[in-house]
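Q: Provide a 3D model corresponding to the input given below.
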Amino acid sequence: MKSSIQQAGYVIAGTVFAVLWASASAATKIGLLVAQPFIIAIARFAVAATVMLVIAHLVMGQPLPVGRQLWKRLAVYGFLNVGLYLGLYVVAMQEVSAGLGALFVATNPVLIAVMGAVWYKQPVGWSTVASFVLCIAGMLLASYPLFGESYATPRGLAVLFFSMLSYSAGAIYFAQRDWGKLHILTINGWQTLIGGLCVLPFAASFYDETANTFDGRFWGAVLWLAIAVSVVAVLLWLYLLRDNPIKASAWLFLCPVAGFAIAATFMGEPLSWHTWAGVLLVMVGLYIVQRRRAVAD
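A: The predicted model follows:
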């Protein structure tokens with residue numbers, strides 16, 4: 001009975017993670033209806049960092065980061081993983097549909113595999129190349145019909161792709177560095193705060209009072225992005241990884257499907273055979289790179 005309960009809990013955790021992770025694009029689009037992108041980003045980072053740091057230091061009693069080298073690592077990681085990645089992401093979402101945003105995010109494991117091979121000066125195997133080509137083809141195929149309906153622009157897709165590259169670079173940097181005994185909430189809390197500080201000058205420079213309405217849609221989007229996505233989804237992902245890293249990666253396959261379903265339901269975005277064919281190509285690309293990891297492990 002205990003095993004069945006644990007299995008049910010694992011499935012629930014994986015499903016909730018995939019839905020929450022995929023919902024970030026739709027929540028961002030809702031926020032963009034009433035506010036500028038950098039304002040949404042700053043508010044999200046401030047709330048998420050506050051929640052994580054309060055839990056880490058006041059509730060759990062975790063120690064503060066100590067040492068110049070450790071703070072430098074947090075600064076670099078925060079810049080890549082939050083400031084640059086999510087800063088570019090929220091800007092891109094002005095010109096990209098919520099469904100495509102979720103699809104692009106789902107390709108991160110493939111980009112990490114490609115960049116990791118280049119970073120560590122390792123041979124890029126055929127499986128990595130094949131997964132990368134399939135993911136790029138899938139993203140372009142899913143994007144194609146949306147250009148004519150003003151749901152996507154080449155500029156928006158380019159900015160979104162660069163944001164994914166920044167996230168991948170941040171993930172590789174994180175894996176390379178020694179974080180000592182810092183708790184993951186401590187790392188995430190401080191890197192989120194530092195990333196927000198990186199975005200702050202841009203938010204101040206481009207701020208337009210008439211372009212921001214701090215109503216229910218704004219705060220609903222910000223709180224969802226900060227708590228449901230940045231805190232709850234991340235903690236669920238860590239739980240899945242702790243249980244079984246290989247099995248955890250399988251839940252990433254659900255993210256693009258959930259992303260397009262959420263976008264169609266809440267944003268009224270169109271779905272076509274291009275959409276599902278593109279999602280299928282991305283899922284095959286993800287499968288290839290995840291299978292390669294499983295064999296390597």
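
Q: check contacts around residue 193.
A: By Cβ atoms under 8 Å, 6 or more residues apart in numbering, residue 193 lies in contact with 45, 46, 49, 53, 78. For glycine as for every other residue, the C-beta is placed from the backbone atoms N, C-alpha and C.

Q: Any chance of CSV for those, columns secondary structure?
A: As requested, these are exported to CSV (DSSP: H, G, I helix; E, B strand; the rest coil):
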residue, secondary structure
45, helix
46, helix
49, helix
53, helix
78, helix
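
Q: Most neighbours among those residues, please name it.
A: residue 45 (29 neighbours; other Cβ atoms under 10 Å).

Q: And the pLDDT for that one?
A: pLDDT for residue 45: 96.

Q: quick revisit: from the contacts of residue 193, which single one is nearest residue 24?
A: Distance to residue 24 across those (Cβ to Cβ) is lowest for residue 45, with 13.5 Å.

Q: what about the chain, any weak spots by pLDDT?
A: Low-confidence segments of the chain (pLDDT under 70): 1-3, 150, 242-246, 249, 292-297.

Q: Residues in contact with the helix or strand hosting residue 102: which ones?
A: Taking DSSP states H and E as the criterion, residue 102 maps to helix 98-106. Helix 98-106 is contacted from outside by 21-22, 24-26, 28-29, 89, 92-93, 96, 138-139, 142-143, 146, 151-152, 157, 160-161, 164, 252, 255-256, 258-260, 262-264, 267, 269, 271, 275, 278-279, 282, 286, using Cβ under 8 Å, 6+ apart.

Q: need the next SSE after it, C-terminal direction.
A: helix 108-119.

Q: hey, C-alpha coordinates of that following helix in PDB?
A: Extracted in PDB, the C-alpha atoms of helix 108-119 (Å, rounded to 0.1, in the frame of the first residue of the first chain):
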ATOM      1  CA  ASN A 108      16.500  23.300 -22.900                       C
ATOM      2  CA  PRO A 109      17.800  19.800 -22.200                       C
ATOM      3  CA  VAL A 110      18.800  19.500 -25.800                       C
ATOM      4  CA  LEU A 111      20.500  22.900 -25.900                       C
ATOM      5  CA  ILE A 112      22.300  22.100 -22.700                       C
ATOM      6  CA  ALA A 113      23.600  18.900 -24.200                       C
ATOM      7  CA  VAL A 114      24.900  20.700 -27.300                       C
ATOM      8  CA  MET A 115      26.500  23.600 -25.300                       C
ATOM      9  CA  GLY A 116      27.900  21.200 -22.800                       C
ATOM     10  CA  ALA A 117      29.700  19.200 -25.500                       C
ATOM     11  CA  VAL A 118      31.200  22.400 -26.900                       C
ATOM     12  CA  TRP A 119      32.000  23.900 -23.400                       C
END
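
Q: which other helices and strands contact the helix or strand following it?
A: Sequence order places helix 126-147 as the next helix or strand after helix 108-119, per DSSP H and E. The contact analysis (3 or more Cβ pairs under 8 Å, 6 or more residues apart in numbering; DSSP states H and E) places helix 126-147 against helix 98-106, helix 108-119, helix 154-176, helix 273-296.

Q: Just the angle for the third one relative to helix 108-119, thanks.
A: For the pair helix 154-176 and helix 108-119, the angle between their directions (axes from the mean of the first three to the mean of the last three Cα atoms, to 10 degrees) equals 60 degrees.

Q: between helix 154-176 and helix 126-147, how big is the angle?
A: 150 degrees.

Q: cool, the second one as well?
A: Here helix 108-119 points in a direction 130 degrees away from that of helix 126-147 (the same axes, to 10 degrees).

Q: so who does residue 142 touch?
A: 99, 100, 103, 274, 275, 277, 278, 279, 282.

Q: Tabulate those residues in TSV, adding columns for distance to residue 82.
A: Below are those laid out as TSV (distance: Cβ to Cβ, whole Å):
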residue	distance to residue 82
99	23
100	21
103	21
274	32
275	29
277	33
278	28
279	27
282	24
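
Q: most surrounded residue in these?
A: residue 99 (33 neighbours).

Q: if I look at it, how far off is residue 222?
A: Here residue 99 is placed at a distance of 21 Å from residue 222 (Cβ to Cβ, to the nearest Å).
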